[in-house]
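[1] Here is a sequence together with a model predicted from it:
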Amino acid sequence: MSAPKVTVVTEGSPAARAGLVVGDELVSLNGRQPRDVIEYQQLVDGDDVDVMVRGNGGARVVRVRKEAGEPLGIEVSSAVFDRIRTCDNHCSFCFIYQLPKGMRRSLYLKDDDYRLSFLYGNFTTLTRFTELDAERVVDERLGPLFVSIHATDPEVRARLLRNPKGATSLRWLRFLLDAGIEVHGQLVICPGVNDGTVLTDTLTGILDQYPKLATVGVVPLGLSRFSSEPDMREHTTAEAAAVVDEVARWQQVYSSVLGRRLVYAADEYHLLAGRELPPATDYDGFPQHENGIGMIRAFQRAFAGDRAAAQGVRHGFFAWVDGAPAEGYRAPRAAPSDGEHVPAGTSGHPSGPRPFTVVTGAYGARVLRPLLADRPDVAVLEVANDFFGGNIGVAGLLTGEDLARALAAQPDDRRYLLPDACLSEGRFLDGLTVADLPRQVEVVATDGASLRAVLDRTASVATNRAEAERIPVALGSRQ
């Protein structure tokens with residue numbers, strides 16, 4: 001077990017007053033060595049904390065004086081201090097198996113750790129879940145958790161996971177639900193494998209065995225050009241429409257029996273099927289927003305001025321690996337929010353009322369174009385994901401390589417806005433940064449309210465500048 005290392009010390013905090021500095025290793029807290037940031041937070045939540053520190057001056061014990069509940073005032077290097085529970089499944093649709101060689105090593109880490117499910121919203125199959133894990137989750141009320149179900153038939157699920165444990169590991173799901181732990185489920189649908197009658201059987205099985213699930217998201221597999229699985233393919237329009245219809249039918253069943261919809265189809269399914277999205281109220285508060293379910297309606301509402309609909313967005317598929325705070329994806333980030341925008345490159349803020357171009361992926365472009373149709377000063381640049389290929393169209397998986405290619409063909413007299421979902425710790429998935437792009441871009445938080453704030457603030461500045469320039473002319477005409 002490695003000791004967490006201090007990466008940030010807040011000025012004036014209890015930790016700073018006690019003399020903790022960046023680079024210190026926290027060997028123990030009140031005599032206990034924490035396994036992860038969950039236990040760490042519990043140990044530092046009380047009043048005065050005795051910290052055994054290992055640093056440049058050797059080992060020492062530091063008394064950090066603080067009030068109960070007062071933050072210690074540091075950030076640590078990772079969320080898990082012992083070994084991350086890696087995944088022993090071999091799912092044919094796993095996106096990590098579809099990565100090309102040569103990317104950052106951390107991106108190839110395939111986890112199945114319930115702690116990362118609790119902290120970051122990662123989906124776990126529970127195939128490596130143990131009695132000790134169950135005891136801890138229940139005792140410490142570690143919820144919500146997020147569980148990949150895929151199929152309730154034991155044989156089908158074991159075949160999908162390519163792991164015999166898949167046939168039995170959902171017993172832990174029943175245990176957690178019976179203990180009152182909030183759990184959200186996911187079905188990744190592979191056409192010809194677990195759609196059709198298998199999907200119907202799965203939704204029936206959920207009603208019979210797991211009706212206490214908080215929600216169930218139905219999402220299509222992501223398929224890159226690097227997939228080597230012959231049975232994995234993209235959905236046809238008809239197949240996507242069939243999934244949308246089946247989910248809608250089961251929403252009615254669940255509403256009748258349970259009093260709630262329970263199951264939701266991913267936005268991507270509606271786009272693939274060419275169907276109108278359900279109204280925002282049908283997403284019941286967007287509980288699976290980060291899973292791409294209701295994200296479009298939430299974005300539209302936030303863009304229209306509904307601040308309550310401005311949901312947080314995980315920063316790309318791999319954000320938990322090296323981009324999210326140790327406290328979890330629900331914790332505040334330093335990324336731009338609430339309309340802030342961060343100019344990239346070295347030239348600072350662009351000057352003058354230049355027209356905008358919003359840079360996004362294929363799916364984002366389909367959402368943004370109608371919203372911006374009445375803004376002649378705003379264009380949408382749809383960037384094809386040639387790096388991954390396949391059916392990958394979300395902005396969060398755009399790479400610097402594809403963005404650079406698209407931007408190089410654009411004029412340099414525009415302001416380019418880029419969603420922060422593309423970045424993790426300032427880097428794209430291929431390791432490039434915004435400084436490597438051929439055009440200056442401004443990184444904007446990935447929600448409708450932030451985009452609208454940037455556009456409206458600039459429009460207001462331009463209007464005020466124009467009014468100011470007209471005033472001397474008007475005065476001169478009277479003299």
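    Yes, it's here.
[2] Go ahead and confirm residue 393 touches residue 361.
    Yes: here residue 393 reaches residue 361: they are 5.2 Å apart, a contact under Cβ atoms under 8 Å. No exception for glycine: its C-beta is placed from N, CA and C like everyone else's.
[3] Between the two, which contacts overlap?
    By the contact definition Cβ atoms under 8 Å, 6 or more residues apart in numbering, residue 393 and residue 361 are jointly contacted by residue 385.
[4] quick one: average pLDDT of the helix or strand hosting residue 159?
    Taking DSSP states H and E as the criterion, residue 159 maps to helix 154-161. Mean pLDDT, helix 154-161: 97.
[5] what residues does it touch?
    89-93, 125, 127, 149-151, 164-168, 170, 190, 193-194, 198.
[6] This structure: helices as residue ranges?
    Under the criterion DSSP state H, the chain contains helices at 14-18, 37-43, 114-120, 131-140, 154-161, 171-178, 196-209, 237-258, 267-273, 295-303, 319-322, 362-371, 400-408, 448-478.
[7] Okay, buried residues for the fifth one please.
    Taking 16 or more other Cβ atoms under 10 Å as the basis for neighbour counts, the residues of helix 154-161 that come out buried are 156, 157, 158, 159, 160, 161.
[8] With distance to residue 80 added, can I get these in CSV?
    As requested, these are arranged in CSV below (distance: Cβ to Cβ, whole Å):
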residue, distance to residue 80
156, 31
157, 26
158, 27
159, 30
160, 26
161, 23
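[9] Going by distance to residue 297, which of the residues you listed wins?
    Residue 297 lies nearest to residue 160 out of these, by Cβ to Cβ, at 29.6 Å.
[10] any idea how far the closest one is from residue 189?
    Residue 160 sits 10 Å away from residue 189, going by Cβ to Cβ, to the nearest Å.
[11] and what of residue 69?
    From residue 69 over to residue 189 (counting by Cβ to Cβ), the distance is 44 Å.
[12] do residue 55 as well
    Counting by Cβ to Cβ, the gap from residue 55 to residue 189 is 51 Å.
[13] Which of the two has more residues huddled nearby?
    residue 189 (27 against 17; other Cβ atoms under 10 Å).
[14] hey, what's the more buried one bridged with?
    Beta-bridge partners of residue 189, counted by DSSP bridges, are residue 220.
[15] got the contact list for residue 110?
    Counting by Cβ under 8 Å, 6+ apart, residue 110 has contacts 86, 87, 94, 96.
[16] Turn the helices of the chain into TSV, including distance to residue 353.
    Converted to TSV, the helices of the chain look like this (distance: least, Cβ to Cβ, whole Å):
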stretch	distance to residue 353
helix 14-18	43
helix 37-43	45
helix 114-120	40
helix 131-140	54
helix 154-161	54
helix 171-178	55
helix 196-209	51
helix 237-258	42
helix 267-273	33
helix 295-303	21
helix 319-322	34
helix 362-371	21
helix 400-408	21
helix 448-478	4
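[17] Can you say which of these is packed in most?
    Counting by mean count of other Cβ atoms under 10 Å, helix 114-120 has the highest mean neighbour count of the helices of the chain, with a mean of 24.
[18] Report all helices and strands that it contacts.
    Counting contacts by 3 or more Cβ pairs under 8 Å, 6 or more residues apart in numbering; DSSP states H and E, helix 114-120 packs against helix 37-43, helix 131-140, strand 145-148, helix 319-322.
[19] how far out from the middle of the chain is it?
    Remark: helix 114-120 is offset 13 Å from the chain centroid, using Cα atoms, centre = their mean, to the nearest Å.
[20] Send me that helix as PDB with only the CA atoms.
    Coordinates of each C-alpha in helix 114-120 appear next as PDB, following Å, rounded to 0.1, in the frame of the first residue of the first chain:
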ATOM      1  CA  TYR A 114     -16.600  -0.400  -6.400                       C
ATOM      2  CA  ARG A 115     -14.700   2.600  -4.900                       C
ATOM      3  CA  LEU A 116     -14.300   4.200  -8.300                       C
ATOM      4  CA  SER A 117     -17.900   3.500  -8.900                       C
ATOM      5  CA  PHE A 118     -18.800   5.500  -5.800                       C
ATOM      6  CA  LEU A 119     -16.300   8.300  -6.300                       C
ATOM      7  CA  TYR A 120     -16.500   8.800 -10.100                       C
END
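[21] quick one: low-confidence parts of the protein?
    1, 307-352, 458-479 (pLDDT under 70).
[22] Outline the domain layout of it.
    As recorded under automatic domain parsing, the domains making up the chain are 6-76, 96-293, 341-461.
[23] Select, out of these, the one closest to residue 302.
    domain 341-461 (3.4 Å).
[24] Could you tell me how far that closest one lies from the centre of the chain?
    That offset, for domain 341-461, works out to 18 Å (Cα atoms, centre = their mean).
[25] Let me have the helices and strands packed on helix 114-120 in a markdown table, adding distance to residue 206 as columns.
    Shown next, in a markdown table, are the helices and strands packed on helix 114-120 (distance: least, Cβ to Cβ, whole Å):
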| stretch | distance to residue 206 |
| --- | --- |
| helix 37-43 | 28 |
| helix 131-140 | 20 |
| strand 145-148 | 11 |
| helix 319-322 | 26 |
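[26] Tell me which of these approaches residue 22 most closely.
    Here helix 37-43 is closest among the helices and strands packed on helix 114-120 (Cβ to Cβ), at 16.8 Å.
[27] who's in contact with the closest one?
    4, 26, 29-30, 32, 34, 49, 76, 78-81, 115, 118-119, 140, 142, 326-328.
[28] Apply the buried test to those and list what passes.
    4, 26, 29, 34, 49, 76, 79-81, 115, 118-119, 142, 326-328.
[29] Next step: those restricted to strands.
    Among the buried ones among the contacts of helix 37-43, the ones falling in strands (DSSP state E) are 26, 29, 49, 76.
[30] wait, which of these is closest to residue 304?
    Nearest to residue 304 among these, with distances taken as Cβ to Cβ, is residue 76, at 39.4 Å.
[31] contacting residues for the closest one?
    So residue 76 contacts 4, 5, 6, 7, 26, 37, 40, 326 (Cβ under 8 Å, 6+ apart).
[32] ok, now how distant is the spatially closest residue to the third one that is not a sequence neighbour from residue 373?
    Spatial nearest neighbour of residue 6, chain neighbours left out: residue 24 (4.6 Å); criterion: Cβ to Cβ, 6 or more residues apart in numbering. Shown here: residue 24 relative to residue 373, a distance of 54 Å by Cβ to Cβ.
[33] The two: which has the busier surroundings?
    Under the criterion of other Cβ under 10 Å, the comparison of residue 24 against residue 373 puts residue 24 first, with 25 against 10.
[34] isn't that one right next to residue 53, touching?
    Yes: using Cβ under 8 Å, residue 24 is in contact with residue 53, at 4.8 Å.
[35] Max pairwise distance over the buried ones among the contacts of helix 37-43: which two?
    Counting by Cβ to Cβ, the most remote pair of the buried ones among the contacts of helix 37-43 is 49 and 118, 22.9 Å apart.
[36] and the gap between the residue lying closest to residue 383 once chain neighbours are set aside and residue 398?
    Nearest in space to residue 383, with sequence neighbours left out and distances taken as Cβ to Cβ, 6+ apart, is residue 406 at 4.5 Å. The gap separating residue 406 from residue 398 is 9 Å, by Cβ to Cβ.
[37] Please identify every residue contacting each of these two.
    residue 383.
[38] one step back: buried ones among the contacts of residue 110?
    Counted by 16+ other Cβ under 10 Å, those give 87, 94 as buried.
[39] now, among the contacts of residue 110, which is nearest to residue 454?
    Nearest to residue 454 among these, with distances taken as Cβ to Cβ, is residue 96, at 33.9 Å.
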